[in-house]
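K.L.:
I would like the atomic coordinates for the input below:
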Amino acid sequence: MTAAAQDYSQRGWTVAETANGICLITDADVSGIEVTGELAGEVRRFLRANNLSGPVIEIPGGERREIHLVTGVRKAAMALDALREAGAVIYADGAGIPMPPTQLSAGSACWGVAPHEARWLPPVVAIGAAVRSVLARRRAGADVTSVAC
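P.N.:
Numbering: from 1, shown residues only. Sure, this is the predicted structure:
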């Protein structure tokens with residue numbers, strides 16, 4: 001097993017080595033939420049401003065694509081529905097996520113926020129809150145990036 005695959009396994013993540021690299025197999029403990037385009041950058045800024053950032057995988061290609069690793073998808077049906085409505089892709093229940101340094105057609109998957117840089121694996125509702133806030137701000141035309149508790 002490669003060093004990267006061993007590191008992921010030591011975190012308790014289920015991984016499979018493929019011809020192109022490493023694939024995270026989603027389960028009850030770790031899933032992924034993919035956001036794209038301008039929304040991806042705004043969501044990342046919101047999460048950072050509110051100290052909610054977790055590991056983020058950047059997928060190469062013509063449009064910005066980021067997969068946020070999360071936990072708690074089994075208890076967040078409403079958040080998942082809202083994320084899907086906003087255009088997010090949900091990776092759960094055995095779906096595979098390409099992990100760095102996996103080779104893809106447009107380049108290699110890489111870390112936007114590496115696991116060792118993140119303080120936690122956030123709950124999916126944190127990503128849902130970020131998306132909801134960004135979309136509400138767009139509708140209102142405001143420029144707010146943090147939320148007072």
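
K.L.:
which strands and helices sit next to the longest helix along the chain?
P.N.:
Scanning the chain for the helix with the most residues, using DSSP state H, yields helix 124-140. Using 3 or more CB pairs under 8 Å, 6 or more residues apart in numbering; DSSP states H and E as the contact criterion, the elements in contact with helix 124-140 are strand 31-36, helix 37-49, strand 65-70, helix 77-85. Where you see a C-beta, it was placed from the backbone N, CA and C, and this is true even at glycine.

K.L.:
Kindly reformat the ones you listed as JSON lines containing mean pLDDT and distance to E58.
P.N.:
As requested, the helices and strands packed on helix 124-140 are arranged in JSON lines below (pLDDT from 0 to 100; distance: least, CB to CB, whole Å):
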{"stretch": "strand 31-36", "mean pLDDT": "97", "distance to E58": "11"}
{"stretch": "helix 37-49", "mean pLDDT": "95", "distance to E58": "9"}
{"stretch": "strand 65-70", "mean pLDDT": "98", "distance to E58": "6"}
{"stretch": "helix 77-85", "mean pLDDT": "94", "distance to E58": "19"}
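
K.L.:
Compare these and give me the one nearest W13.
P.N.:
Within the helices and strands packed on helix 124-140, the stretch nearest W13 is strand 65-70; the backing value is 8.5 Å (CB to CB).

K.L.:
Run through who's touching that closest one.
P.N.:
Contact with strand 65-70 is made by 24, 30-36, 40, 43-44, 47, 54-59, 91, 97, 112, 115, 121-124, 126-127, as judged by CB atoms under 8 Å, 6 or more residues apart in numbering.

K.L.:
And the buried ones among the residues you listed, selectable in PyMOL?
P.N.:
Of the contacts of strand 65-70, the buried ones can be selected in PyMOL as follows, counting by 16 or more other CB atoms under 10 Å:
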select buried, resi 24+30+31+32+33+34+35+40+43+44+47+54+55+56+57+58+59+91+97+112+115+121+122+123+124+126+127
